[in-house]
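Visitor: Below are the sequence and a predicted model; questions follow.
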Amino acid sequence: MLLAGTALIVVDFFIVNVALPSLQTDLHASTTAVEWVIAGYGLTFAALLVAAGRIGDRIGRRRVFTIGVGLFTAASAGCGLAPNPSTLVIARLAQGCGGAMISATVIALISVLYDGPARARAISVYATVMGVAAASGQLLGGLLLRSDLAGLGWRLIFLVNLPIGVAALIAAPRCLPESRADRAGRVDVVGLVMMTMGLTALVLPLIDGRSAGWPAWTIASLAAAPVLLVGFGLRQRGVVRRGLQPLLDPALLRSRSFTAGLLVQLGFWSGQASYFLVLALYLQTGRGLSALESGLVFSILAAAYLVASMAAPALQARFGRATVAAGAAALATGHLLAIGTTIGGAHPVLLLTPALLLAGAGMGLCIAPITTTVLSSLEPAQAGVVSGVLSTVQQVGNALGVAVVGLVFFGALRPGAAEAFRDSLVLLAGLLAVVAVAAGVLLPARAAAADAGG
C-alpha cells in the first residue's frame, strides 16, 4: 500500500510531460501555464510535506494518508475535466497538497516500522520505486494517449487515477496500521505560511517573469523571497525557545552532514523534473515523435535506472559518498553526450541511447544513497523529521529546476527546439558537475558506508 501510494504520486508528477504538447494545444495554454502544471504540483507538495507529517503525528498517520488519497483523487478528477488552463493549474496545486499528505505518511511509517540497516533497505526500495515510477511515467503516459480511450486524449492521464484512488481508500483501513507520535506538538501555522510565501515568492517570478516582460513585481518578489525564508528560520528558533515543536529544528542545521545533504539534494533534484520536461518537449516538438514513441525513448533511461539502483546499496557500502559523486558525474556526462546529438542537423533519435543510459544510471546511483548517507550520520530518533525535510527539499528542487531551466528552454525556443534543448543541457550538465563535487567533498563518508553495509 505504501509503495503503491508512492508510485501514484510520483508517476503523476512525471506522466504529464509526454501529454504537454497535446494538452497545450487543446486548452490553448501558454508556456507559462505549461510550466505551472509541473512546478505548481511540486510547490504545494514541498510547502505542505513537513506540516502533513506533523498533522499525521497528531491525529494519526493512516487518517492523514486517507485524507490525502481522497484529495488527490478529487483533484485528479478536476484535472481530467478542466475546461481551461487556470482550472488545470488550480487542480494540480490541489494534487500537490494530496501528494504531500500521502508522502509524509509513507516516510513516517518507514521511520516507525524499520530501524538501522532495515531502514536503509526500506529507503532503498522506496527510492527504487520512486525512480522507476518517475522514468516509466513517461511510457505510461504515451500508452494512455495512444489508447485515446473514449476520445479522452490527454485527460485520461488524470482520470486513470480515479479507480486507483478509490481502491486505495477502500484498502487503507485494512492494510495500514494506525500510529501516532507519543508527543505530537501543534503545527506551526505561522511558520508554514512564511515558508509557503517564501517559496512562492521565489518560484512565481521565475515562471511568470519571462512572458510578462519582467515587471517590477517580479524583481520585488525575488527580493522578498530570501527575506521570508530567513524570517522562517528565525521563527523556528523562536518556536524552539518557547519549548514548542518547530517545522524544522534549527539544531539540525548545525550538523554538517545534514546541511551538506540538503545542498546536494536540492542541486540533484533541481536537475530531474526539469530534465524530463525539456527532454519530452524536445522529442515531441523538436523531433516529431508521438507521445508513445517519446515514452519508449524514456524507457531506455528507466532500464538503466533500475539496474543502477539495485547495485547502489552495495556500491555505497564499499565506496560511501563517492557513489553519489559518481552518479552525479555520470548524469552530467550523459547531458554532454546528448548535446552532441543536437548539433549538425537531425540525427537518429537512437543516438541518444548512450546519453540516456548514463543519465538513468546516474539517477540510480544518487537517489537512495543521498538519503541513506545523511540518515546514517544522524541519531535514529531524527530519521523521521530528516526524511521529511529531505523530501521537502526534493520537491523544492523539482519546482525550482522547472522554473529556471524552463526559463532557459522557452527563452531559446524561437530558433528551434534543438537549440533550446541544447542550452538547457548545458545548464543541467553544469549543475550536476557542481553536485558531483559537492557530494565528493561535503557528504559524510564513513558513517554512510558503515550503515549501508549493515
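Guide: On my side now, so go ahead.
Visitor: What is the helix of greatest length in the chain packed up against?
Guide: With secondary structure taken from DSSP state H, the chain has its longest helix at helix 116-147. Applying 3 or more C-beta pairs under 8 Å, 6 or more residues apart in numbering; DSSP states H and E, one finds that helix 116-147 contacts helix 2-14, helix 85-113, helix 156-159, helix 273-281, helix 291-319, helix 353-375, helix 446-452. The way it works is simple: take the backbone N, C-alpha and C, and place the C-beta from them, glycine included.
Visitor: next helix or strand past the fifth one?
Guide: The one in question is helix 291-319. Next in sequence after helix 291-319, counting helices and strands by DSSP states H and E, comes helix 322-340.
Visitor: hang on, the earlier thing: among the helices and strands packed on helix 116-147, which is nearest A251?
Guide: Closest of those to A251 is helix 353-375, at 15.0 Å (criterion: C-beta to C-beta).
Visitor: The host helix or strand of V437 vs helix 273-281, what angle?
Guide: Under the criterion of DSSP H and E, V437 resides in helix 417-442. Computed with axes from the mean of the first three to the mean of the last three C-alpha atoms, to 10 degrees, the direction of helix 417-442 lies at 160 degrees from that of helix 273-281.
Visitor: buried sites along helix 417-442?
Guide: Judged by neighbour count using 16 or more other C-beta atoms under 10 Å, the buried positions of helix 417-442 are 417-425, 427-429, 431-436, 438-440.
Visitor: Also stretch 81-88?
Guide: A82, P85, L88.
Visitor: Spatially, and excluding backbone neighbours, which residue is closest to the first one.
Guide: Same thing as A82. L88 (3.8 Å; C-beta to C-beta, 6 or more residues apart in numbering).
Visitor: who touches that neighbour in this structure?
Guide: By C-beta atoms under 8 Å, 6 or more residues apart in numbering, L88 lies in contact with L23, L27, A29, A33, V37, C79, A82.
Visitor: ok, 7 Å please
Guide: L27, V37, C79, A82 (C-beta atoms under 7 Å, 6 or more residues apart in numbering).
Visitor: same check, this time on G80
Guide: G80 sits next to R155, F158, L159 when contact means C-beta under 7 Å, 6+ apart.
Visitor: ok, the residue nearest to the last one when sequence neighbours are not counted to A439 distance?
Guide: When the adjacent residues along the chain are set aside, L159 lies closest to G80, with 3.8 Å between them (C-beta to C-beta, 6+ apart). The span separating G80 from A439 equals 40 Å under the rule C-beta to C-beta, to the nearest Å.
Visitor: Ok, V389 next?
Guide: From V389 to A439 the distance is 18 Å (C-beta to C-beta).
Visitor: now do T105
Guide: From T105 over to A439 (counting by C-beta to C-beta), the distance is 29 Å.
Visitor: Next: R414.
Guide: Per C-beta to C-beta, R414 is found 36 Å from A439.
Visitor: Ok, G99 next?
Guide: 27 Å.
Visitor: Could you give the average pLDDT over stretch 212-226?
Guide: Averaged across stretch 212-226, the pLDDT comes to 94.
Visitor: go on, stretch 189-206?
Guide: Here the average pLDDT along stretch 189-206 is 91.
Visitor: which one is M130 nearest to, not counting chain neighbours?
Guide: Nearest non-adjacent residue to M130 (C-beta to C-beta, 6+ apart): V10, at 5.1 Å.
Visitor: so where is the stretch 151-300 of the chain shaky, pLDDT-wise?
Guide: Within the stretch 151-300 of the chain, the stretches with pLDDT under 70 are 181-185.
Visitor: got the buried residues for whichever strand or helix holds V50?
Guide: If you go by DSSP H and E, V50 is part of helix 31-59. Neighbour-count burial for helix 31-59, with 16+ other C-beta under 10 Å as criterion, is recorded at 31-58.
Visitor: ok, L301 - how many residues close by?
Guide: Counted with other C-beta atoms under 10 Å, the neighbours of L301 add up to 31.
Visitor: how near is it to Q138?
Guide: Where Q138 is concerned, L301 sits at a distance of 8 Å (C-beta to C-beta).
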